[in-house]
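J.: Predicted model follows, preceded by the sequence.
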Amino acid sequence: MADTTSRTGSRYATPELVDFVNRVHAAHDEALQLAFDAPVRHDMPAIQVAPSEGKLLGMLAALCGARRAVEVGTLAGYSAIHLARAMPEDGVLHCLELEPRHAEVARASLQAAGMLERTRVHVGPALESLESLASEAPFDLVFLDADKEGYPRYGRWALEHLRPGGMLLADNVYFFGQLMADTPAAAAMRRFHEETAADFQSVCIPTPDGLLMAIKPLG
Ligand SMILES: C[S@@+](CC[C@H](N)C(=O)[O-])C[C@H]1O[C@@H](n2cnc3c(N)ncnc32)[C@H](O)[C@@H]1O
């Protein structure tokens, strides 16, 4: 059997197989396809979550009854559409994005999806935006998908500002395969894993680059 591990993160998941399950379980409507294609169209990095992960994010947001949520790293708004669609009409998703151009494209994607009213796009370093959002806590869900070295600080913010039972999600926690490397950035990601496991009920979902899911304890 051909080893597909390097391309799909699993020796069983051939590209054809992944296309099939995406088509069956995570098909795009027009707005999702527009947002998914936006990075290439606008000469931005195409580093959004994969269709199955986007669908999973939305399902997890629905399962935890998210009405107030924060996304760190929005790019062109693809994962934000999945999250916002899972929330009720009066829900609010705060989208934190460093790059003004990315934020502009994200706003356009969210508008095309009819999700602009349910979202607030904040431009600037996430740590600054998080500071200004603290007064709006508690939140039901926090999704991390931006500068990976910042994860330990974002994780501590989430612990402090999620409601008991609230959900923390973080993408790329295998750190692009470099989690065990001898570098300060990899050490920061390992610290994020360890602190999250100590403070939350956590599991690392084995997506191609790892998706951490953690629930803040009730008591
Ligand atoms: C992986 S992309 C986000 C993809 C998006 N979550 C999706 O799946 O559609 C990471 C984004 O985080 C932004 N970013 C990087 N550092 C940041 C920071 N310190 N604060 C806020 N956003 C940041 C980048 O500009 C980029 O748009």
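T.: Sure thing, it's come through.

J.: Give the next helix or strand downstream of the helix ranked longest in the chain.
T.: Taking DSSP state H as the criterion, the chain has its longest helix at helix 184-199. Downstream of helix 184-199, the next assigned helix or strand under DSSP states H and E is strand 201-205.

J.: Can you point out the buried residues in that next one?
T.: Buried residues in strand 201-205, counted by 16 or more other C-beta atoms under 10 Å: 202, 204. Placement of C-beta: from N, CA and C, glycine included.

J.: contacts for that strand?
T.: 56, 173, 193, 196, 210, 211, 212, 213, 214, 215, 217 (C-beta atoms under 8 Å, 6 or more residues apart in numbering).

J.: can I get those residues in CSV with pLDDT and neighbour count?
T.: Output for those, formatted as CSV (pLDDT from 0 to 100; neighbours: other C-beta atoms under 10 Å):
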residue, pLDDT, neighbour count
56, 98, 20
173, 98, 23
193, 98, 21
196, 98, 24
210, 96, 20
211, 98, 23
212, 98, 25
213, 98, 20
214, 98, 24
215, 98, 16
217, 97, 11
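
J.: Those residues in strands, which ones?
T.: Filtering the contacts of strand 201-205 for membership in strands, criterion DSSP state E, returns 211, 212, 213, 214, 215.

J.: tell me which residues form a beta bridge with the last one?
T.: Each beta-bridge partner of residue 215 is listed here: residue 167, residue 201, as defined by DSSP bridges.

J.: For it, which residues are in contact?
T.: Applying C-beta under 8 Å, 6+ apart, the residues near residue 215 are 64, 165, 166, 167, 168, 200, 201, 202.

J.: The same query, at a cut-off of 6 Å, please.
T.: Applying C-beta atoms under 6 Å, 6 or more residues apart in numbering to residue 215 gives the contacts 167, 200, 201.

J.: My read is that the second one contacts residue 214, right?
T.: Yes: under the criterion of C-beta atoms under 6 Å, residue 200 is in contact with residue 214, at a separation of 3.6 Å.

J.: any low-confidence regions in the protein?
T.: Residues of the chain meeting the criterion pLDDT under 70: 1-9.

J.: Residue 34 and residue 111: what is the separation?
T.: 10 Å (C-beta to C-beta, to the nearest Å).
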